[in-house]
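S.K.: Make a model of this:
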Amino acid sequence: MRVLYLNPFSQEVSGPDESLRTLLAGLIPLGVEAHLVLPGPGPQVPRYQALGVTVHFAPLAILRRDLSVGAALYPLRLARATLAVATIAREIGAQLIHTNMEVLLEGAAAAAVLRIPHVLHYRGNTLDRPKVVFDALVALWTRGADHVYCISGATAEVFRRRAHLDKVEVLYNPVDVAAFGAAARRADVRTALGGYPDQPLIGTVGRIHPRKDLETFVRAAAIVSAKIPEARFVIVGAAEASVEVAYLDRLSELVRDLELEGRLTFAGARRDVPAVMRALDLFVLTSRHEGFGRVVAEAMAAARPVVATDEGALPELLGAGRFGRLAAPEDVDGFATQILRLLSDREGAAALGTAAAGAAQKFDAKAIAERVWVRYRSLADGA
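M.R.: Numbers count the residues shown, from 1 in each chain. Predicted structure coming up:
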């Protein structure tokens, strides 16, 4: 089956890209001939190509919620993008279009023109405000899709609250659970992350973006460090956009102000995430809101004890605290308290990690790819 995928960007660190590539790694062996449209070259392109994906470039029209000139020109950009996507789909003989993020509407429009099925992947967060805007968007998304995948039950609530659930299915982001579980705990990786054998290593992984609220992670690290001086901390991730570079500068200044230099490492982006997760003694995610939280699922698969924000999909992934500890958003003391409790109870932390690894089977990439394949076949057959 020939499927055309649309993705709005190709960044070095990108949860939607990681999830799509993991999904395609399972779908291609089942019979999917994958084509992908991106707005331009980027670091993800060779990674898709290594899977056997044919990459195309076309101008895409990303939805914006502002009053800029770019937003005013959106209808024109959408028309141009729809034409470009429809042209590519027609040339390759696409049997289905799968839009990998809800910020693109041209997939739905092109599929309607070509009279082929359209699948929308809703990867947004759970903060559906302003309400009037999301009322209109949810109606538009569901009207333009034959099927909607939501990456968590929490994100599906965006549709449920508006009585648009007839096409919606919860599909967790796929994780290569076996790879994370089998990754070795390597001393050289720990050293590169700033930790040594006799030092607890606490880390977070992801884009260096204000939404991730890494300031809470840094401030919690200062509290923990005052009580456990041998503890070491690491932030694994890249700053690419200008807002991210500025945020990294702020974080670096905060690290200096809190006298954490030498105790907290900015490790940059890394491709060996299974090895990174296994190298950590404790994984922390302080994001203000997450529609899924892929790195939490990966840490669980690596049997790491987790502390995460009690918001959005994260309590869902962690079984309301059965498979990890939770703290309120921006609660520095709460995060520090949970970290200290786990560091002081090695056996309890290990048991929590083991329970998390068992729960992580719900993210298994092979099983999720098989579900999607069955759905594709059903849509293509008109069932």
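
S.K.: Helix or strand with the lowest mean pLDDT in this structure?
M.R.: Within the chain, confidence by mean pLDDT, DSSP states H and E is lowest for helix 69-72 among all helices and strands, at a mean of 64.

S.K.: What's the first helix or strand after that helix?
M.R.: helix 74-92 (DSSP states H and E).

S.K.: elements contacting that following helix?
M.R.: Under the contact definition 3 or more CB pairs under 8 Å, 6 or more residues apart in numbering; DSSP states H and E, helix 74-92 sits against strand 2-6, strand 33-38, helix 106-114. C-beta here means a position set from N, CA and C on the backbone, and glycine is covered the same way.

S.K.: Ramachandran angles for Pro29?
M.R.: phi -60, psi -20 (degrees, to the nearest 10).

S.K.: any idea of the pLDDT on it?
M.R.: Looking at Pro29, its pLDDT stands at 98.

S.K.: One more: the one 4 residues further on?
M.R.: The predicted local distance difference test score for Glu33 is 98.

S.K.: isn't it right up against Tyr5?
M.R.: No: judged on CB atoms under 8 Å, Glu33 makes no contact with Tyr5 at a distance of 11.2 Å.

S.K.: So which of those two has more stuff around it?
M.R.: More neighbours surround Tyr5 than the other of Glu33 and Tyr5, with 26 against 17 (other CB atoms under 10 Å).

S.K.: Please work out how many residues are found near the closest residue to Glu106 other than its chain neighbours.
M.R.: The shortest distance from Glu106 to any non-neighbouring residue, by CB to CB, 6 or more residues apart in numbering, is to Ala81 (4.1 Å). For Ala81, the neighbour count with other CB under 10 Å is 25.

S.K.: which residues touch Ala81?
M.R.: Counting by CB atoms under 8 Å, 6 or more residues apart in numbering, Ala81 makes contact with 58-61, 104, 106.

S.K.: one more time with 7 Å, if that's ok
M.R.: 58-61, 106 (CB atoms under 7 Å, 6 or more residues apart in numbering).

S.K.: what two of the residues you listed have the greatest distance between them?
M.R.: Ala58 and Ala61 (10.2 Å; CB to CB).

S.K.: Can you pick out the residue with more neighbours from these two?
M.R.: Ala61 (25 against 17).

S.K.: Hmm, that one is touching Leu78, no?
M.R.: Yes: the criterion here is CB atoms under 7 Å, and Ala61 meets it with Leu78 at 4.3 Å.

S.K.: Give the intersection of the neighbour lists for the two.
M.R.: Glu106.

S.K.: After the strand or helix carrying Val132, which helix or strand is next?
M.R.: Assigned by DSSP H and E, Val132 falls within helix 131-143. Per DSSP H and E, the first helix or strand lying C-terminal to helix 131-143 is strand 147-150.

S.K.: Within its sheet, name the partner strands of that next one and how each one runs.
M.R.: Partners of strand 147-150 in the sheet, by DSSP bridges, are strand 118-122 (parallel), strand 168-170 (parallel).

S.K.: buried stuff in the longest one?
M.R.: Buried residues in strand 118-122, counted by 16 or more other CB atoms under 10 Å: 118-122.

S.K.: now swap in the last one and tell me
M.R.: If you call a residue buried by 16+ other CB under 10 Å, then strand 168-170 has these buried ones: Val168.

S.K.: Begin at 22 from now on, thanks
M.R.: Taking 22 as the first residue, the last one we looked at is strand 189-191.

S.K.: for that strand, the distance to its chain's centre please.
M.R.: Offset of strand 189-191 from its chain centre (CA atoms, centre = their mean, to the nearest Å): 17 Å.

S.K.: Show me what it is in contact with.
M.R.: Residues contacting strand 189-191 (CB under 7 Å, 6+ apart): 168-171, 173-174, 177, 180.

S.K.: Dump the helices and strands packed on helix 95-113 to TSV, plus distance to Tyr217.
M.R.: Compiled in TSV, the helices and strands packed on helix 95-113 are given as follows (distance: least, CB to CB, whole Å):
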stretch	distance to Tyr217
strand 23-27	43
strand 54-59	41
helix 127-135	49
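
S.K.: Pick the most deeply packed of those.
M.R.: strand 23-27 (a mean of 25; mean count of other CB atoms under 10 Å).

S.K.: In terms of helices and strands, where is the residue lying closest to Phe356 once chain neighbours are set aside?
M.R.: With sequence-adjacent residues excluded and distances taken as CB to CB, 6+ apart, Phe356 is closest to Ala241, at 4.1 Å. According to DSSP H and E, Ala241 maps onto helix 235-248.
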